[in-house]
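> predicted coordinates and the sequence they were generated for:
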Amino acid sequence: MNLRDTLKINEEGHLEIGGADTVDLCKKFGTPLYALDYAYIKKTALSFADTIKRKYGDGAVAYASKAFSATALYKLFSGLGLYSDVVSKGEIYTALKGGMPADSLVMHGNNKQEYEIDYAVSEGVGYIVIDGMDEPGIIDAIAKKYDKLQKVLVRLNPGVEAHTHHFTQTAREDSKFGFSIKSGAADELIKSLFSYKNLIFSGLHCHIGSQIFDREAFGLANAVMTDYIKKLRDSYGITVDVLNLGGGFGVHYTDKDPLYTAEDYAGYVDFIAETLTANLLKKDIKKPFLIIEPGRSLIAEAGITLYTVGTVKDIKGIKKYYAIDGGMFENPRYALYRSEYSAIIANKAREEFSETVTLTGKCCESGDMIAEGIKLQKAQRGDVVAVFSTGAYNYSMSSHYNGNLTPPAVMIKDGEADYIIKPESCEDLIRNNNIPDFLN
């Protein structure tokens with residue numbers, strides 16, 4: 001558990017988030033419930049943004065909204081001066097409805113559909129990141145239709161791969177993302193952009209991985225990207241005005257992961273700014289506008305999911321199950337790729353973690369688990385389970401599997417909670433269902 005001032009055990013022995021007792025939240029809003037800590041989100045976002053300004057100067061933080069796309073989050077982040085990265089028409093629409101200025105949106109995607117590009121250009125999205133050889137022609141034609149000049153970045157595969165505690169410099173050419181520097185594909189694509197009248201080549205993008213704790217990986221990415229910027233200038237006379245280094249900053253899920261604070265994330269950005277600046281000076285390169293794209297690190301640890309315990313099944317000498325009223329329909333990450341979580345019995349938070357249990361969901365799937373073999377307090381039907389670090393990729397990957405409704409989400413500020421995602425009804429579940437005439 002990565003406890004803090006706004007995520008702690010209160011005098012009643014209950015887990016508290018954002019100044020609100022989780023037991024009270026469950027009584028008011030029901031379970032399953034996504035709960036987000038406003039203060040943590042704001043503090044972490046500002047740690048990224050302020051450090052870029054202080055240590056680098058001309059740059060921006062773009063929230064990677066695939067982590068959790070909701071109008072309230074865009075409203076919060078735009079109010080703090082953040083940009084956002086978006087990967088679909090739906091995310092663009094949601095961001096705009098949340099008050100995010102269109103020119104602060106960075107559109108990604110390895111297979112953008114023409115209707116999505118059309119929507120992006122028509123609404124004035126700031127940058128479109130090119131990730132396919134056919135995209136320049138499509139974007140140019142659409143920009144011409146609207147009599148606009150569209151700024152574009154090019155996503156590169158820099159041959160640096162980083163995940164969790166390890167990173168490597170590789171020559172992998174099999175990623176579905178980006179243009180290879182090594183093969184010459186990046187050169188070919190970038191040189192071609194200058195033949196299009198409605199495109200403005202603004203710069204480069206890369207993303208080296210996820211759950212990165214070894215900041216040296218970003219130093220290596222800086223070295224590779226600035227080498228390439230120098231090559232573009234020296235070989236082709238091409239200037240790079242924008243450098244987007246992506247995200248991937250790690251968060252705490254279990255005791256295997258470091259305990260990071262907002263100040264620790266500022267250290268990430270400090271390191272990126274220092275190594276980038278050093279590379280720019282060494283290679284005599286004009287300072288580009290710097291964008292970084294944190295997503296998970298802004299929202300994951302800000303969120304917990306609250307459940308009610310149902311069936312307790314003790315298979316003597318084999319396994320003990322605590323069944324909860326959620327499951328893979330609102331958190332599919334364990335079923336998909338065995339993502340690990342930590343948890344607590346929120347109404348018994350001070351009691352001993354005496355039981356080794358499996359948290360299982362209510363779906364008709366043997367693989368419907370949230371966590372296996374974790375330590376928890378002794379629980380019974382009606383107790384409240386809190387699973388930590390669920391703010392990212394839980395709501396955004398949720399489904400209606402087994403006809404379950406997507407849980408609501410609340411944000412808590414100074415002990416007061418309100419919906420950012422309202423509860424669904426069964427009518428919402430079948431809203432787009434249709435019975436053809438030939439069945440009547």
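Sure, I can see it. Nothing here was measured: the structure is a model prediction, and the numbers come from that model.
> next one: L243 from K66, what distance?
With distances taken as CB to CB, to the nearest Å, L243 is found 21 Å from K66. Just so you know, the C-beta spots here come from the backbone N, C-alpha and C atoms, and that holds for glycine as well.
> same check on S195?
Using CB to CB, S195 is found at 32 Å from K66.
> same check on K378?
For K378, the distance to K66 equals 38 Å [CB to CB].
> also D264?
For D264, the distance to K66 equals 23 Å [CB to CB].
> just want to know which of L243 and K66 has more residues nearby.
Between L243 and K66, counted using other CB atoms under 10 Å, the more crowded position is L243 (25 against 19).
> name the SS class of the more buried one, please.
At L243 the chain is in strand, as set by DSSP: H, G, I helix; E, B strand; the rest coil.
> please list all residues in contact with it.
Residues in contact with L243 (CB atoms under 8 Å, 6 or more residues apart in numbering) are G203, L204, M225, I229, L276, P288, F289, L290, I291.
> so what strands line up beside the host helix or strand of the second one?
Here L204 sits within strand 199-205, counting by DSSP states H and E. Within its sheet, and counting by DSSP bridges, strand 199-205 is paired with strand 150-157 (parallel), strand 242-244 (parallel).
> how about the ones you listed in TSV, adding mean pLDDT and distance to H400?
Below are the strands paired with strand 199-205 laid out as TSV (pLDDT from 0 to 100; distance: least, CB to CB, whole Å):
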stretch	mean pLDDT	distance to H400
strand 150-157	96	33
strand 242-244	98	35
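> so how many other residues sit close to the residue lying closest to G13 once chain neighbours are set aside?
The shortest distance from G13 to any non-neighbouring residue, by CB to CB, 6 or more residues apart in numbering, is to R350 (4.2 Å). If you count neighbours by other CB under 10 Å, R350 ends up with 13.
> okay, R350: pLDDT?
Listed pLDDT for R350 reads 97.
> same check, this time on T6
With respect to pLDDT, T6 scores 97.
> am I right that it is in contact with A20?
No - T6 is beyond contact range of A20, at 9.6 Å (criterion: CB atoms under 8 Å).
> okay, and the common contacts of these two?
By CB under 8 Å, 6+ apart, no residue touches both T6 and A20.
> ok so, going back, next helix or strand past the strand holding L204?
Using DSSP H and E, the next helix or strand after strand 199-205 towards the C-terminus is strand 209-212.
> tell me which other helices or strands that next one touches.
When contacts are defined as 3 or more CB pairs under 8 Å, 6 or more residues apart in numbering; DSSP states H and E, strand 209-212 packs onto strand 160-164.
> hmm, back to that, deepest-packed of the strands paired with strand 199-205, please.
Highest mean neighbour count of the strands paired with strand 199-205: strand 242-244, a mean of 26 (counted as mean count of other CB atoms under 10 Å).
> after that one, next one along is what?
helix 262-282.
> buried ones in that following helix?
Buried residues in helix 262-282, counted by 16 or more other CB atoms under 10 Å: 262, 264-266, 268-273, 275-277, 279-280.
> please apply the same query to stretch 394-407.
N394, Y395, S396, M397, S398, Y401, N404, L405, T406, P407.
> same deal with stretch 329-347?
Along stretch 329-347, these residues count as buried under the neighbour rule (16+ other CB under 10 Å): 329-335, 339-347.
> quick one: contacts of stretch 268-288?
Stretch 268-288 is contacted by residues 47-48, 51-52, 55-58, 203, 215, 218-219, 222-223, 226-227, 229-230, 233, 239-243, 245, 249, 290, 292 when judged by CB under 8 Å, 6+ apart.
> among those, name the ones in strands.
Applying DSSP state E to those, the entries found in strands are G203, V242, L243, L290, I292.
> residue ranges in the stretch 101-250 of the chain under the pLDDT threshold?
Across the stretch 101-250 of the chain, the ranges flagged by pLDDT under 70 are 163-175.
> okay if I get the ones in strands among the contacts of stretch 268-288 as TSV plus distance to E301?
Listed next are the ones in strands among the contacts of stretch 268-288 as TSV, based on distance: CB to CB, whole Å:
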residue	distance to E301
G203	31
V242	29
L243	28
L290	24
I292	18
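> and those residues, which is closest to M369?
Nearest to M369 among the ones in strands among the contacts of stretch 268-288 is I292, at 33.7 Å by CB to CB.
> tell me the confidence at the closest one?
97.
> ditto for the one 4 residues further on
Predicted confidence (pLDDT) for R296: 96.
> in three-state terms, label the residue nearest to it when sequence neighbours are not counted for me.
Excluding the flanking residues, the one nearest R296 by CB to CB, 6+ apart is A392, at 4.2 Å. Three-state assignment for A392 (three-state DSSP): coil.
> A392 against T305, yeah?
No - counting by CB under 8 Å, A392 sits too far from T305 to count as a contact (11.6 Å).
> give the pairing partners of the longest strand seen in the chain; include direction for each.
Secondary structure of the chain per DSSP E: the longest strand is strand 303-315. For strand 303-315, sheet partners with direction are given as strand 33-37 (antiparallel), strand 319-324 (antiparallel), strand 384-388 (antiparallel), following DSSP bridges.
> okay, the ones you listed in JSON lines with mean pLDDT, mean neighbour count and distance to D284 next?
What follows is the strands paired with strand 303-315, written out as JSON lines (pLDDT from 0 to 100; neighbours: other CB atoms under 10 Å; distance: least, CB to CB, whole Å):
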{"stretch": "strand 33-37", "mean pLDDT": "98", "mean neighbour count": "27", "distance to D284": "45"}
{"stretch": "strand 319-324", "mean pLDDT": "97", "mean neighbour count": "20", "distance to D284": "58"}
{"stretch": "strand 384-388", "mean pLDDT": "98", "mean neighbour count": "26", "distance to D284": "47"}
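> export those to TSV and tack on distance to I374?
Below are the strands paired with strand 303-315 laid out as TSV (distance: least, CB to CB, whole Å):
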stretch	distance to I374
strand 33-37	20
strand 319-324	10
strand 384-388	10
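> compare those strands and give me the one nearest Q211.
It's strand 384-388; of these, that one is closest to Q211 (CB to CB) at 15.2 Å.
> tell me the first helix or strand C-terminal of the closest one.
Next in sequence after strand 384-388, counting helices and strands by DSSP H and E, comes strand 409-413.
> what's next to that next one, contact-wise?
Counting contacts by CB under 8 Å, 6+ apart, the residues outside strand 409-413 that touch it are 17-20, 25, 29, 33-39, 70, 72, 395, 417-421.
> cool, and stretch 360-367?
For stretch 360-367, the surrounding residues in contact (CB under 8 Å, 6+ apart) are 310, 321-329, 335, 368-370, 401-402, 404.
> next: stretch 52-62.
The contact list for stretch 52-62 (CB under 8 Å, 6+ apart) reads 45, 48-49, 81-85, 104, 106, 244, 269-270, 272-274, 276-277, 287, 289-294.
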